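S.K.: Sharing a sequence plus its predicted fold:
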Amino acid sequence: MSVSFHVAICDGDLKGFEVYDHENEQGHMFPDYKEAVKGWHELGADSTNWSLSPCYNIPSDYSVSMCNGNAADVVEALGYPREDYCSGEAEPDDLIGRCLIAIAIAPDPSLPAYEQIGQRGAQLIDVGRDAGYIREKCSQIQALAEQAKLMGRTVVWN
C-alpha cells in the first residue's frame, strides 16, 4: 500500500478514461466511464493484464508517493497526528510552513532493514530507509504545495 500527496483534483480536470493493456503496453482513451466500459468489453480486456483508470489534466509529476509506514512518519514530521497519514488536505501556505519546519528540525535517522516471519510462515522484508528520507520527501511536498498555490488548489493525500 502507498500514500500519495498531490494537487487537489477539480471537476474540470477529468480528461477521460484509459483502458490499458499492460502486456502489450498499449492504452486506449475513452471520453467517459460508460464508453470505457464498453471499450473494455470490445477489446476483450481482462482484469489480469488490463486496467481501467481515470486520466486528469494534471501532470503526473505533481505528486509525491511513499509507502504507508514512511507516510505516517512524514505526516507526523509535518505536525499532523500520525493516525492521519491515510488521508488529509492542507492549504498550500500552511503545508509549505510545516515542510520548512520539518526540514529544519524533524528527526530523520536511517532505519535498518529487517526480515520477519509471520505466524503462518509468511516472510516480510522491510528494506529500511536512508537518513534524510523525511527531509527529502518534505522538500518534494513543499515544491508540490508551491505548485498547488500557483494553481489555486489545496494539497491532498490519500
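M.R.: Perfect, thanks for sending it. The structure displayed is predicted, hence computed values, not measured ones.

S.K.: contacts and neighbour counts: CA atoms only from here.
M.R.: Will do.

S.K.: In three-state terms, label the closest residue to Pro109 other than its chain neighbours for me.
M.R.: Leaving aside its sequence neighbours, Pro109 sits nearest to Ala131 (C-alpha to C-alpha, 6 or more residues apart in numbering; 4.6 Å). Secondary structure, DSSP: H, G, I helix; E, B strand; the rest coil: Ala131 is coil.

S.K.: show me what contacts Ala131?
M.R.: Contacts for Ala131 (C-alpha atoms under 8 Å, 6 or more residues apart in numbering) come out as Asp108, Pro109, Ser110, Leu111.

S.K.: Please tell me how far it sits from Lys137.
M.R.: From Ala131 across to Lys137, the span is 12 Å (C-alpha to C-alpha, to the nearest Å).

S.K.: one step back: can you tell me which of the contacts of Ala131 lies closest to Trp50?
M.R.: Distances from Trp50 to those, taken as C-alpha to C-alpha, are shortest for Leu111 (36.1 Å).

S.K.: So of the contacts of Ala131, which two are at opposite extremes in space?
M.R.: Asp108 and Leu111, at 9.1 Å, using C-alpha to C-alpha across the contacts of Ala131.

S.K.: Neighbour count for these two, which is higher?
M.R.: A count of neighbours by other C-alpha atoms under 10 Å puts Asp108 above the other of Asp108 and Leu111, at 19 against 13.

S.K.: what separates that one from Tyr80, distance-wise?
M.R.: From Asp108 to Tyr80 the distance is 16 Å (C-alpha to C-alpha).

S.K.: what pLDDT does the residue nearest to Pro109 get?
M.R.: At Ala131, the pLDDT value in this model is 95.

S.K.: What separation do you get for it and Ile58?
M.R.: 31 Å.

S.K.: Kindly report the same for Pro81.
M.R.: On the measure of C-alpha to C-alpha, Pro81 and Ile58 end up 29 Å apart.
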